[in-house]
Each structure stands twice: as structure tokens, then as C-alpha cells.
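In: Predicted model and sequence follow; I will ask about them next.
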There are 2 protein chains.
Amino acid sequence: MKKIINHPEQVVEEMLEGIVSAHPQYVKRVQGFNVLTRAGGPSAKVALVSGGGSGHEPSHGGFVGRGMLDGAVAGAVFTSPTPDQVFEAVKAVDGGKGVLLVIKNYTGDVMNFEMAAEMAEAENIQVEKVVVNDDVAVENSTWTTGRRGIAGTVFVHKLAGAKAEAGGTLAEVKRVAEKVVANVRSMGMALAPCTVPAAGKPSFTLAENEIEIGMGIHGEPGTHREAIRSADEIVDHLMEKILADSPVAAGQEVAVLVNGLGGTPTMELYIVSRKVAQMLAGKGAKTVKTFVGNYMTSLEMAGFSISVLKLDGELKELLLAPADTPAFVQF
Amino acid sequence: MKKIINHPEQVVEEMLEGIVSAHPQYVKRVQGFNVLTRAGGPSAKVALVSGGGSGHEPSHGGFVGRGMLDGAVAGAVFTSPTPDQVFEAVKAVDGGKGVLLVIKNYTGDVMNFEMAAEMAEAENIQVEKVVVNDDVAVENSTWTTGRRGIAGTVFVHKLAGAKAEAGGTLAEVKRVAEKVVANVRSMGMALAPCTVPAAGKPSFTLAENEIEIGMGIHGEPGTHREAIRSADEIVDHLMEKILADSPVAAGQEVAVLVNGLGGTPTMELYIVSRKVAQMLAGKGAKTVKTFVGNYMTSLEMAGFSISVLKLDGELKELLLAPADTPAFVQF
């Protein structure tokens, strides 16, 4: 295992120290917990908490800041954070208007965030939950009942975060988050695996010429393996699956996220993005904004995912609202 | 070779199409050339043009926008753009106040940008040049006389771009760029190579347990190879070299860029950033802002570089000025 780390057991701790020391203007740490909150502390608005296993950086700590998250909880690599950690995040960010938990659909995450919600409610903090399940690749998977939550989650952070920033009530922020979940679909692929530091070896292997379609962000199996094809053919397949599940009519406004899994050259992400744009234009869709880069990674996995979010007037306005966080800044 | 591309000969063309289709609010293409300029066209300010070989994305097209570059020229992968391409960029962005060329110090880049400057001057466009040579690893290298220009170049784009945006004259913008060059130092390392699409195989090989210290962004040899050590030990070595070349006194304000080379997990970049922050704090330096991510990549190379920029009042103000580009947004 060749990694730029100190000790496999220290990666989460040292990463959190790194984020806080790099971005003190944005985030601070809840002492004794793997929780990052906004540097300025809670304010009188609905607060958003997300998180999950580490290894998906900049998710989730990189999205803590104005217009997105108020708190992020970091579990061990690819492992759900424990309920007490989530509970600490909720307590730290609550400004009296309630807290929305944004949960990617993995059995452990859902269970632990739900337990944290119960702990918070016992202390009279209003908590609501939304579960993101944007990955159209497979129904049920390792660690998941139903669809997995992947990079489309970033759109939930962005748009629900904007609604909270604009003074929305907890019910309104939850409604927006659920509307995003209903309208976002994603699918990914991988051409090389990643290695969890504590495991010391790749979580799966692919032959020299082989790729996996529909791979999850923890290396969960996708729909199938095949010999590598052209970028356009791969994108065509992923987009067909996405659009079959959530058809886009002519004139439909959309937002697109072409997400790198950590080891993919930016050049290749733009070659993917080009084909996505062509296909959406071919359907008569109007792409309002496209994001290209590493937003929801899987350590150094090589591959990408595509997320398409269908917009209405409300979602478009929230998409384009300002945000100021370590990893997502928008005027 | 396993890559998400269509044809090795088409990667630059398709990447440029991808950037333009993803970010039409920021950039447009000069028809028939591998040149990106601001979507709004030239304005009555000094214009900045940079560029070089492709494969370093988001450099340089990703930094075209308000407060940074006006034009970016894309050569073939790891190959200098030709003078006629640079000349087209200069013509496209000149708003009558002159153009500053920001050149990374590689023999081909320097020669071709200089020829373009002569072509522009023959058409009565005022052109100035600045050559960035921030890499302290080695004196002279493959393709370079003197030090190489690497990720510190992004600080030149940012600060000189801010000066131009603020209405600085060509001489003033050049002076700022030269001040940044005089005050920025960088050094990198690699733990896995990259493959140029047209070559089809890695440009060098490293043993299972081996890293290269001082590696250039095209795979040029560094100072030496060694068995991998801890992140802290590697950072310690790079920072000692940087600070030996450009000592930082107690109280000195600095900006830091921890740059991923394309295949490095964001988690590891933050582990690096943590140690950089500790070392600078240990010197009594005050870090004004830290940037962590993929800014000047080498396709999918695994590794990172550290850049440290010493600030005075003027440079600090320019560092913190707003910027709005596809890959660098700051309020």
C-alpha cells in the first residue's frame, strides 16, 4: 500500500485537523468529536447536518459553510459515524429552528442518524431527516436496502442549504430536500479500485482492460463488468440508464454534476461532460449549470459518476443562490 | 492504457469542447484555435494570457474569468502550444491596455510565447512577459534551463489577475506578477506516474514501495527516489527545501497551496496540509489562506506539491480579492 499518510488508524483524525487548519475561516471542530461545524457557530436558521464514512472528501466537511451545511460528521473510512457523533453535531449546530439530517442511503448511516435524531428529540431539538438514493445502477446492494446515495447528495446540500439560508422553516427545508431527491438521478463507473488504509489492499480488482459499470462509492458491485469502451459509449450507457429512470422532456431545465471519484484526470471528466452536454441538448433539455470535479470521491478510485437534477423555478433559484464553503463557492 | 477517452489524438479538442459546454457563462473558444477566452470578450483592462501543454487541468482554462486570466492556450498533452495559437489568444483578449503573458519556465513554452509576443508587437499590441520558476527541486531539468514553473503559477494568475481587474497598468500588473514570482516557492513528489494518451504507457515507473522527490509536472526527474516514508516526513523534507530557499521569518504572512497532481485522494492532501500548517506555525508564520485541491495536475499522477507564497500588504489584498472562474471562485 503506497499512500501519503502517517498511520492507517490516524487518517480521519489528521484529515480533520488538516481541514480545520486549512480553512479556519469556514470550519471549526467540536472538541473531542469527529464533527466539523461552521466557524461562526449556530445562527437563528434551520441547520443542516450531513456526513457518513470518510474517504469521500471533500464530502462532507468541505461543504460546511454559508448556503450549504452547518455540520458534517466523519466516520471511519467507508464506515458510518456512530449515533453519539451525529448527536454531537446536531447539538452543536441547532440554533433553535431545528435540524435537517441529510443521509445517504446506506443501512448503517440510516440507522445511526435515526438513533441520533431520537437522542436529539429527547433533548427537545426538532429534527427531520431526508434519505438520498440517487444511484440508479442497482436496486439493493452491499450495505444498502434500496438505491444507494451517491454524488447527487451534493445537490441536496446545496439546494436545501440555500433554502435554510433564506430563512425557510424546517418543514420547508425538508420539502426542498425531498424535491431534490425526487428529481436527481446518478450513475457511475470505475476503472481502478481504491485501498482503504486500514485494509491495506484494494477492495476489488479489475483486469487490465476491464471496467465496472454502476460501481458504488465504496466499491460495491455495479451492474456488470466489461472491456473498456470509448468515453462516449460509456457515457451513453450511463445517461440512458439515468434518463430511462427519470425522463427529461424538451425544454426541461437541468443541473449536471460530473463527479470524479478521486483518481480521475480532470481532462477525462471534461471529455465525459462534453458527451453529457451533447446528449442533454439532443433531448432538448436546457442545462442551467454544470459542475465538473471531485465532489464525492472514493479515495483514489479512478472513475466518475454523472448526476442530473431536474429543476423547476424554485430549485433553479436555490441552485444559483450564493454559497461559500471550502469546496463549493458560488457568487 | 485504461483511460476515459475516445481517441488519444482527440483528447485536447474534446476537453476544450467539454470546458466550453460546461461553463458557457465563463468561457468561449476562439474559433479554429485551442484558445479559451472570457465569455464576455475583451474589456478595457490589461489582459492576462497563460497556457502551456494540456494535462494540467484545471490549469489553465479553468482559471479564465473575472479576477484571473483573460485567455488560456492549450497545447497538446505536455507539449508547448505553438506561437500562432498564443498569438491568437493575445489578439482575442487585447482590450487596448496591453497583454501580460504568464509563462511557466519550460524552454518550449518560453520560446513559443516569446515568438507570439513578437508577432503581437508587430501588430502594435503591447505585450509583456513573466516567467514563473517556482520549483526549488532542481536547477535545470528535462526541457528546462533554470528552475521549472509548477503550481505556484496559480498564485501569479490570481494576484496579477486581481491587479489587472483593479485597473492596474501593464507595467503595474507585470510588477505584481514578478513580485509573486520572487516570493513563491514550490516542491512536489510523486508516488505513481501518469500516461500520456498518445504514448500509451507510463512515462516512468516506480517500484512498489518507491516514491520520487522533486518530480516535475511532466514526470521530469526530481532530486532522488527513496522508499516511501510517512506523510509528515515527506512534507518535512519538501518544506525544508522550500524554506531553505526562501526563509520565512516570525510574523511573516503567507499563502499556501497544497496541490494534488490528479490521482491523489483529497484526504491525503489534507493530511499533507496539516503538517504544512504545523511547520509554518512553528516558524511563527501567519497563514492568511490555504488552498487544497487539484489546481495544476499531471493527468492521473499520484502525488502532490506544496507552494508557499510570502505576502506583503499589496499581495495580501490581491490574494483576497474576489475571483470568479470555473475552477477558482472566491468572494
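Out: Yep, that arrived. Numbering: from 1, shown residues only, chains lettered A, B, ... in the order given.

In: Could you count how many residues lie near the residue in the stretch 1-150 of chain A that chain B sits nearest to?
Out: Closest to chain B within the stretch 1-150 of chain A is residue A:18: 3.3 Å, counting by Cβ to the nearest Cβ. Where you see a C-beta, it was placed from the backbone N, CA and C, and this is true even at glycine. Neighbour count for residue A:18, taken as other Cβ atoms under 10 Å in any protein chain shown: 29.

In: for the helix or strand where it lies, what is the average pLDDT?
Out: Using DSSP states H and E, residue A:18 sits in helix A:11-22. The average of the pLDDT scores along helix A:11-22 is 98.

In: Show me what the very next helix or strand once past that helix is packed against.
Out: Downstream of helix A:11-22, the next assigned helix or strand under DSSP H and E is strand A:27-29. Under the contact criterion of 3 or more Cβ pairs under 8 Å, 6 or more residues apart in numbering or on different chains; DSSP states H and E, strand A:27-29 touches helix A:11-22, strand A:35-38.

In: Return the list of strands paired to strand A:27-29, each annotated with direction.
Out: Strand pairing for strand A:27-29, determined by DSSP bridges: strand A:35-38 (antiparallel).

In: can you give me the offset of the strand it pairs with from its chain's centre?
Out: Mean-position distance between strand A:35-38 and its chain equals 16 Å (Cα atoms, centre = their mean, to the nearest Å).

In: show me the contacts for residue A:57.
Out: By Cβ atoms under 8 Å, 6 or more residues apart in numbering or on different chains, residue A:57 lies in contact with A:15, A:297, B:265-267, B:270.

In: and with 6 Å instead?
Out: Counting by Cβ atoms under 6 Å, 6 or more residues apart in numbering or on different chains, residue A:57 makes contact with B:266-267.

In: SS state for it?
Out: The three-state assignment at residue A:57 reads coil, by DSSP: H, G, I helix; E, B strand; the rest coil.

In: Which stretches in the stretch 101-250 of chain A count as helices?
Out: A:107-122, A:153-165, A:170-183, A:231-245 (DSSP state H, counting those that start in this stretch).

In: Contacts for stretch A:195-207 next, please.
Out: A:1, A:5, A:8, A:11, A:77-78, A:193, A:219.

In: Pull out the buried members of those.
Out: A:5, A:11, A:77-78, A:193, A:219 (16 or more other Cβ atoms under 10 Å in any protein chain shown).

In: With distance to chain B added, can I get the contacts of stretch A:195-207 in CSV?
Out: CSV is the format used below for the contacts of stretch A:195-207 (distance: Cβ to the nearest Cβ, whole Å):
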residue, distance to chain B
A:1, 9
A:5, 5
A:8, 11
A:11, 6
A:77, 8
A:78, 11
A:193, 12
A:219, 14
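
In: Sort out which of the residues you listed are in strands and list them.
Out: residue A:77 (DSSP state E).

In: and the two most separated of the contacts of stretch A:195-207?
Out: A:5 and A:219 (18.7 Å; Cβ to Cβ).

In: in stretch A:36-44, what's buried?
Out: Buried, per 16+ other Cβ under 10 Å, within stretch A:36-44: A:36-38, A:42-43.

In: neighbouring contacts of it?
Out: With Cβ under 6 Å, 6+ apart, stretch A:36-44 has contacts from A:26-29, A:61, A:64, A:70-72, A:92-93, A:95.

In: Filter the residues you listed down to the buried ones and hand me the PyMOL line.
Out: Selection of buried members from the contacts of stretch A:36-44 for PyMOL, criterion 16+ other Cβ under 10 Å:
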select buried, chain A and resi 26+27+28+29+61+64+70+71+72+92+93
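
In: between the contacts of stretch A:36-44, which is nearest residue A:208?
Out: For the contacts of stretch A:36-44, the minimum distance to residue A:208 (Cβ to Cβ) is 35.7 Å, reached by residue A:61.

In: Can you verify my assumption that the closest one contacts residue A:19?
Out: Yes. The criterion here is Cβ atoms under 6 Å, and residue A:61 meets it with residue A:19 at 5.1 Å.

In: Just the C-alphas of stretch A:108-124, formatted as PDB.
Out: Once non-C-alpha atoms are left out, stretch A:108-124 reads as follows in PDB (Å, rounded to 0.1, in the frame of the first residue of the first chain):
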ATOM      1  CA  GLY A 108     -25.600   1.900   8.800                       C
ATOM      2  CA  ASP A 109     -26.000   5.600   8.000                       C
ATOM      3  CA  VAL A 110     -29.700   5.500   8.100                       C
ATOM      4  CA  MET A 111     -29.800   3.600  11.400                       C
ATOM      5  CA  ASN A 112     -27.200   5.700  13.200                       C
ATOM      6  CA  PHE A 113     -28.600   9.000  12.000                       C
ATOM      7  CA  GLU A 114     -32.100   7.900  13.100                       C
ATOM      8  CA  MET A 115     -30.800   7.000  16.500                       C
ATOM      9  CA  ALA A 116     -29.100  10.400  16.800                       C
ATOM     10  CA  ALA A 117     -32.400  12.000  15.800                       C
ATOM     11  CA  GLU A 118     -34.100  10.200  18.700                       C
ATOM     12  CA  MET A 119     -31.400  11.300  21.100                       C
ATOM     13  CA  ALA A 120     -31.900  14.900  19.900                       C
ATOM     14  CA  GLU A 121     -35.600  14.800  20.200                       C
ATOM     15  CA  ALA A 122     -35.300  13.500  23.700                       C
ATOM     16  CA  GLU A 123     -33.500  16.800  24.400                       C
ATOM     17  CA  ASN A 124     -36.200  18.800  22.700                       C
END
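
In: In it, which residues are buried?
Out: Going by 16+ other Cβ under 10 Å, stretch A:108-124 has these buried residues: A:108-110, A:112-114, A:116-117, A:119-120.

In: what does that stretch contact?
Out: A:52, A:80, A:83, A:86-87, A:90, A:101, A:103, A:127, A:129.

In: Quick one: distance of that stretch to the chain centre.
Out: Relative to the mean C-alpha coordinate of its chain, stretch A:108-124 is positioned 20 Å out (Cα atoms, centre = their mean).

In: Within range of chain B, give me the residues from the stretch 1-150 of chain A.
Out: Within reach of chain B by Cβ under 6 Å from any Cβ of the partner chain, the stretch 1-150 of chain A has these residues: A:2, A:4-6, A:14-15, A:17-19, A:21-22, A:57-58.

In: Could you work out the most separated pair of these?
Out: So, the residues of the stretch 1-150 of chain A next to chain B by Cβ to Cβ: farthest apart are A:2 and A:21, at 24.9 Å.

In: And these two? Which one has more around it.
Out: A count of neighbours by other Cβ under 10 Å puts residue A:21 above the other of residue A:2 and residue A:21, at 20 against 16.

In: and the more buried one, what does it touch?
Out: Contacts here follow Cβ under 6 Å, 6+ apart; on that basis residue A:21 touches B:274, B:277.

In: gap between it and residue B:289?
Out: As judged by Cβ to Cβ, to the nearest Å, residue A:21 and residue B:289 stand 12 Å apart.

In: What's the local residue count around residue A:232?
Out: Count around residue A:232 with other Cβ under 10 Å applied: 18.

In: Next, the contact list for it, please.
Out: Counting by Cβ under 6 Å, 6+ apart, residue A:232 has contacts A:275, B:6.

In: Residue ranges in the stretch 51-200 of chain A under the pLDDT threshold?
Out: Scanning the stretch 51-200 of chain A for pLDDT under 70 picks out nothing.

In: In contact with residue A:331, which residues?
Out: The contact partners of residue A:331, by Cβ under 6 Å, 6+ apart, come to A:322, B:324.

In: And it, how far from residue B:331?
Out: 7 Å.

In: My impression was that residue A:81 belongs to a helix - is that right?
Out: No. The assignment for residue A:81 by three-state DSSP gives coil, which leaves it out of any helix.

In: so who does it touch?
Out: Contacts of residue A:81 (Cβ under 6 Å, 6+ apart): A:51, A:73, A:75.
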